[in-house]
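J.: from the sequence below, what's the structure:
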Amino acid sequence: MQHHKMSVLEKAVLLFNLILLITGIVLYNTNVEVFNVYIEEDGFVEWITVLGLLGVVFVCINRLITLRKQKSALFLFVTAITAILFFFAAGEEISWGQRVFGIESSDFFKQHNAQQETNLHNLVVGETKINKLIFSTILSVCLGIYFLLVPFLYVKWTKFKQFVNYSGIPVPRVYHSAALLVTFLLTEIIRDGKRAELLESGIALIFFLLLLFPMNGEIFKKKNTL
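T.: Residues are numbered from 1 along each chain as shown. Coordinates of the predicted model:
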């Protein structure tokens, strides 16, 4: 496996994520009021999350356009689904612009949404919070599998590698997995539920780097057909 030399962009985004996390830790321990502003809804950290998610969408759309005639239907489908999922996540993050444009929630969301906002991830079904079930439990398991198990199998199992490449699944590099682990550990220092905003921004930025610089980056390069 060829050694990957990190680009300036990769180093800059990782450093920026680390600065975001450390700033959050320092503010939480020195000035809770400023910390609350730092991680508030539609605040600085949340918009970083949105930008990271939309960055993934942009990368996927660009690949759909440039590789549409060179890749399998499955490859293009996986890329399109990734774009849709991350666009959905970005929309959910800002409640589809509800607060930005001052749109009032419908009666359904006022009654069933924990924050009375127009989004799905804060819905409460019975006694179950969708956010806790999907975004805490299920997402954590999926991230663990994707960032730890997939790279291992990709390197060790030839048929798995062939399937992943044919399907257009970006494979995390070691530094992506390490950065995600560091992000989890640093956010755990903050004993406040709002630390999730910093965790989300970190995950979004890491996914942006992962999509741009995956271990199997060669499969996303357009081939000259001259």
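
J.: so what's the spatially most central residue of the chain up against?
T.: Centroid-nearest residue in the chain: Ala204, 3.2 Å away (criterion: C-alpha atoms, centre = their mean). By C-beta atoms under 8 Å, 6 or more residues apart in numbering, the residues touching Ala204 are 48-53, 55-56. (C-beta placed from N, C-alpha, C; glycine too.)

J.: equivalent analysis for Leu199, please.
T.: By C-beta under 8 Å, 6+ apart, the contact set of Leu199 is 183-184, 187.

J.: now, which of those residues sits nearest Val37?
T.: Ranked by distance to Val37 (C-beta to C-beta), the contacts of Leu199 are led by Thr187 at 17.8 Å.

J.: now for that closest one, how many residues are close by?
T.: Other residues near Thr187 come to 20 when the count uses other C-beta atoms under 10 Å.

J.: that older thread, quick one: contacts for the nearest residue to the residue nearest to the centre of the chain once chain neighbours are set aside?
T.: Nearest non-adjacent residue to Ala204, counting by C-beta to C-beta, 6 or more residues apart in numbering: Gly52, 3.0 Å away. Contacts for Gly52 (C-beta under 8 Å, 6+ apart) come out as 201, 203-205, 207-208.

J.: redo those residues as TSV? Include distance to Lys194 and secondary structure.
T.: Output for the contacts of Gly52, formatted as TSV (distance: C-beta to C-beta, whole Å; DSSP: H, G, I helix; E, B strand; the rest coil):
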residue	distance to Lys194	secondary structure
Ser201	12	helix
Ile203	15	helix
Ala204	16	helix
Leu205	18	helix
Phe207	21	helix
Phe208	22	helix
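
J.: highest neighbour count among the residues you listed?
T.: For the contacts of Gly52, neighbours tallied by other C-beta under 10 Å; top is Ser201, 29 neighbours.

J.: still on that earlier bit, okay, the residue nearest to the centre of the chain: pLDDT?
T.: Ala204 carries a pLDDT value of 97.

J.: same check, this time on Gly52
T.: 97.

J.: please identify the helix or strand for Gly193.
T.: Under the criterion of DSSP states H and E, Gly193 resides outside all helices and strands.

J.: which residue ranges form the strands in the chain?
T.: Counting by DSSP state E, the chain has strands at residues 124-125, 128-129.
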